[in-house]
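> what follows is a predicted protein model with its sequence.
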Amino acid sequence: MFAGVSTACFYPELLEKALDYLVRHGVANTEVFFNAPSELEEPYVRRLAETARAGGTVIRSVHPFTSGLEPLLFFSSYRRRFEDGIELYKRFFHAANLLGATILVFHGDRRGSAQPRRRYFDLFGELMEAGRRMGITVAQENVPRCASWCPDFFREMAAYLPEARFVLDVKQVVRAQVSLEEMLAAMGRRLIHVHISDHRPEQDCLPIGEGDLDLAALRRNLEGLDFRGSVLLELYRDNYAAYGQLLESYRALERAFC
């Protein structure tokens, strides 16, 4: 397993400054969260790649800032917009290639959508295939506001799309008020990437060590799934006071998972 920190933790700090901080402080693995269309321009992406390479940091995954648009882009009844959405995401795939990343984190359609899950899975499969052709795995994440909020969704997706791969977000499990163990079981061996944070009853997203999350138990569960991916810290900026807490969390993740 690989421990790391997502650049999303620094938002709204500029992406290049967030990555530079992680690299300078020896964080071995990261996820690049793109925040603006201009950040997909090739010269900019190449500068990010050089920053990471120079410091020995591996970029494992990318996260589109267009997650909130995915219901509109990919799950309406307007086919041309779906096709244009795939072309847009090819820009993210290309950026991921330049960065050396192999995973794109996907949120998907809104929770409460009336469309059948099988249609969702068919459309996701098309996007997933477009990513595969460019060497990128489009991986479905659990998100409470999205169709992917519950373990049952992942069980059905795994049965319908054997090639589908999943991202576990611990804080989103807490917010959805579902069992972490059940979500892990539903994702099973399709799980390839983890966003981690700590929590306690009154706060659902905290630095590692400031809540009740049992890291040893999580590691055992992940090992039981033969998980060999990244466990990356993902906090929001109001979940911590100083950047040093990110580094403390990272070191705790290294001790727990590496």
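That came in fine, so what should we check first?
> so how far is Ala95 from the closest residue to Tyr44 other than its chain neighbours?
With sequence-adjacent residues excluded and distances taken as CB to CB, 6 or more residues apart in numbering, Tyr44 is closest to Ser38, at 6.8 Å. No exception for glycine: its C-beta is placed from N, CA and C like everyone else's. Distance of Ser38 to Ala95, computed by CB to CB, to the nearest Å: 12 Å.
> more neighbours: which of these two?
Each of Ser38 and Ala95 has its neighbours counted (other CB atoms under 10 Å); Ala95 has more, 25 against 8.
> list the contacts for the more buried one?
Val32, Phe34, Leu40, Val45, Val62 (CB atoms under 8 Å, 6 or more residues apart in numbering).
> narrow those to those in helices?
Val45 (DSSP state H).
> max pairwise distance over the contacts of Ala95: which two?
Greatest spatial distance in those: Val32 and Leu40, 10.8 Å, computed using CB to CB.
> between those two, which one's more packed in?
Taking neighbours as other CB under 10 Å, Val32 and Leu40 compare with Val32 leading, 25 against 18.
> so the more buried one bridges to which residues?
Taking DSSP bridges as the rule, Val32 bridges to Val62.
> residues contacting it?
Counted by CB under 8 Å, 6+ apart, Val32 has contacts Thr7, Leu15, Leu19, Leu48, Ile59, Ser61, Val62, His63, Ala95, Leu99, Ala101.
> most centrally placed residue in the chain?
Val105 (4.3 Å; CA atoms, centre = their mean).
> so what's the residue count around the nearest residue to that one once chain neighbours are set aside?
Nearest non-adjacent residue to Val105, counting by CB to CB, 6+ apart: His63, 4.5 Å away. Counted with other CB under 10 Å, the neighbours of His63 add up to 25.
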